[in-house]
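Undergrad: here you go, sequence then predicted model.
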Amino acid sequence: QVQLVESGGGLVQAGGSLRLSCAASGPTFNTYDVAWFRQAPGKEREFVAAISWNVGRTYYAASVKGRFTISRDNNQKMVWLQMNSLKPDDTAIYYCAAVPPRSITWAVRAAEYDDWGQGTQVTVSS
């Protein structure tokens, strides 16, 4: 099991940038794939980006590809989401999630993830 704590959310104008952090604890973190999800009011939780346990692979939702970058440092047990060129549609609570890799395909559904943080609010004003 992995414990996750997100930080770095806030209010930013459209076109601005934010960097979200996810601090992990637990002896197995380095063997887990990690993803960022987000949930806007009245909407389902949606996949944003994922990074493999060995830092070798990343995957992005089409809506954020080219604007967001996911990274991790297993020594520090940290995962980051750098968000650039933010839009009002990016407004949501952002969650960090972790899961042991179970297949060669990416886990992009929230139900596939075992461990979650409490979330951090990102608000983008127009």
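TA: Right, received. Where do you want to start? Numbers count the residues shown, from 1 in each chain.
Undergrad: flag every buried residue along the helix or strand containing residue 37.
TA: Residue 37 belongs to strand 33-39 when elements are defined using DSSP states H and E. Neighbour counts over strand 33-39 (16 or more other C-beta atoms under 10 Å) mark 33-38 as buried. The way it works is simple: take the backbone N, C-alpha and C, and place the C-beta from them, glycine included.
Undergrad: partners of that strand in the sheet?
TA: Looking at strand 33-39 with DSSP bridges, its partner strands are strand 46-51 (antiparallel), strand 92-99 (antiparallel).
Undergrad: tell me which other helices or strands the helix or strand following the longest one touches.
TA: It stands for strand 92-99. Remark: after strand 92-99, the chain's next helix or strand is strand 115-116, criterion DSSP H and E. Judged by 3 or more C-beta pairs under 8 Å, 6 or more residues apart in numbering; DSSP states H and E, strand 115-116 is in contact with strand 3-7, strand 92-99.
Undergrad: picking up where we left off before, specify the angle between the strand holding residue 37 and strand 3-7 in degrees.
TA: Counting by axes from the mean of the first three to the mean of the last three C-alpha atoms, to 10 degrees, strand 33-39 lies at 50 degrees to strand 3-7.
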